[in-house]
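Asker: Dropping the sequence and predicted coords here.
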Amino acid sequence: MVLDGPEAPTHPDCARCPARCCHTLDVHVTAHDLRRICDALTVPAESFVCLTTTPRSSPDSFLLSGEGAEYELVLDRRPGCVFLLRLDEAGRARCGVYEHRPMVCRAYPFFPTADADVVTLTVDADALCPPPLLDVARVPAGAPLPTLFSKQVERDVHRLAIDRWNRWVAAEATPAADAGALLRWLLSAAAATTDLLTPILEDSHLRLAWCQRAAEVGNPLLPRPHATPAPRRGLAPHLRVLVEALTTAPMR
Ligand code: SF4
Ligand code: SF4
């Protein structure tokens, strides 16, 4: 399905679902997710996230105090998402932070794949949505694309922030590199880049260029070998400014 168009908030039909995804999945949050929720609820990030150890390195995993173990940052579970409001014994439930929910929740169960000229909407092969509620043939062309682009851009910024954090921890092996310091750094990283992301997320050409660049080289913000072709469609200045903002923001 080739996409272009506004977001349609009605698909899949979550209002008729017992919130399977919210009960079941680990919700990975980014720096910008943290900032939105903290600002909206005026609560500290520590009150709604937890760290889980992960057996494998990934662009989302981070070190603490140089101790070797790697962690990932997810919404707390009690069980089920910390923000899930259970309404009755029949299993009806709603998101308690719907307007501010993480990007991964907004995008689920879709993700974009891109090649040189088109972005394609793909459905997670393991989607938990009850089949009658997720009829892919009824998803309007382009429906969730702006959300998927936003998720990708914010995730890439988050991963650069994590990369910088891990380099700092590995270099300094400091006891101060605890979970609280990590959350403060991520919130600083989000504050330093929120305004810089606006012109990208509001420009459909730049969003598409970002997605295509990610398909070509992985995270567009991470350094590339000199042989890599330059980013297209005016993206390069935005990438430079974002990298500079995250490189110069103080770690503590
Ligand atoms: S934040 Fe909301 S949408 Fe996301 S998993 Fe939690 S309850 Fe569900
Ligand atoms: S499992 Fe699918 S249909 Fe159910 S709440 Fe999650 S996204 Fe909506």
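Answerer: Structure received. Ligands and ions are numbered 1, 2, ... in the order given.
Asker: list the contacts for residue 85?
Answerer: 93, 94, 95, 96 (Cβ atoms under 8 Å, 6 or more residues apart in numbering). (Glycine included, C-beta is placed from N, CA and C.)
Asker: how about stretch 199-219: buried residues?
Answerer: 200, 203, 206-216, 219 (16 or more other Cβ atoms under 10 Å).
Asker: Next: stretch 38-46.
Answerer: For stretch 38-46, a neighbour-count test (16+ other Cβ under 10 Å) marks 38, 45 as buried.
Asker: quick one: contacts of it?
Answerer: Stretch 38-46 is contacted from outside by 34, 37, 48, 97, 99, 100, 179, 180, 183, 186, 187, using Cβ under 8 Å, 6+ apart.
Asker: Can you tell me which of those residues is closest to ligand 1?
Answerer: For the contacts of stretch 38-46, the minimum distance to ligand 1 (Cβ to the nearest ligand atom) is 5.4 Å, reached by residue 97.
Asker: Verify the contact between the closest one and residue 37 for me.
Answerer: Yes. In this structure, residue 97 is within contact of residue 37 by Cβ atoms under 8 Å, at 6.0 Å.
Asker: helix, strand or coil for the spatially most central residue of the chain?
Answerer: The chain has residue 155 as the residue nearest its centroid, 4.0 Å off, counting by Cα atoms, centre = their mean. Of the three states, residue 155 takes helix according to DSSP: H, G, I helix; E, B strand; the rest coil.
Asker: Would you list the phi and psi of the closest residue to it other than its chain neighbours?
Answerer: Counting by Cβ to Cβ, 6 or more residues apart in numbering, residue 155 lies nearest to residue 30, which is 5.7 Å off, once chain neighbours are set aside. Dihedral pair for residue 30: phi -100, psi 170, per degrees, to the nearest 10.
Asker: Keeping just the C-alphas, turn stretch 97-111 into PDB.
Answerer: Extracted in PDB, the C-alpha atoms of stretch 97-111 (Å, rounded to 0.1, in the frame of the first residue of the first chain):
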ATOM      1  CA  VAL A  97      -2.800   9.200  28.900                       C
ATOM      2  CA  TYR A  98      -4.300   8.800  25.500                       C
ATOM      3  CA  GLU A  99      -3.500  12.400  24.300                       C
ATOM      4  CA  HIS A 100       0.100  12.000  25.400                       C
ATOM      5  CA  ARG A 101       0.700   8.200  24.900                       C
ATOM      6  CA  PRO A 102       4.100   7.100  23.500                       C
ATOM      7  CA  MET A 103       4.700   7.100  19.800                       C
ATOM      8  CA  VAL A 104       5.000   3.300  19.800                       C
ATOM      9  CA  CYS A 105       1.400   3.100  21.100                       C
ATOM     10  CA  ARG A 106       0.100   5.600  18.400                       C
ATOM     11  CA  ALA A 107       1.700   3.600  15.600                       C
ATOM     12  CA  TYR A 108       0.900   0.100  16.700                       C
ATOM     13  CA  PRO A 109       0.500  -2.300  14.900                       C
ATOM     14  CA  PHE A 110       1.900  -0.500  11.800                       C
ATOM     15  CA  PHE A 111       5.400   0.400  10.700                       C
END
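Asker: contact partners of that stretch?
Answerer: The contact list for stretch 97-111 (Cβ under 8 Å, 6+ apart) reads 12, 21-22, 25, 27-30, 32-33, 36-37, 40-41, 75, 83, 95, 121-124, 127-129, 134, 139, 144, 147-148, 150-151, 154-155.
Asker: Say whether ligand 1 is contacted by that stretch.
Answerer: Yes. Using Cβ under 6 Å from any ligand atom, stretch 97-111 reaches ligand 1 at 97, 101, 102, 105.
Asker: For those, pick the one with the most neighbours.
Answerer: If you count neighbours using other Cβ atoms under 10 Å, the busiest of the residues of stretch 97-111 next to ligand 1 is residue 102, which has 24 neighbours.
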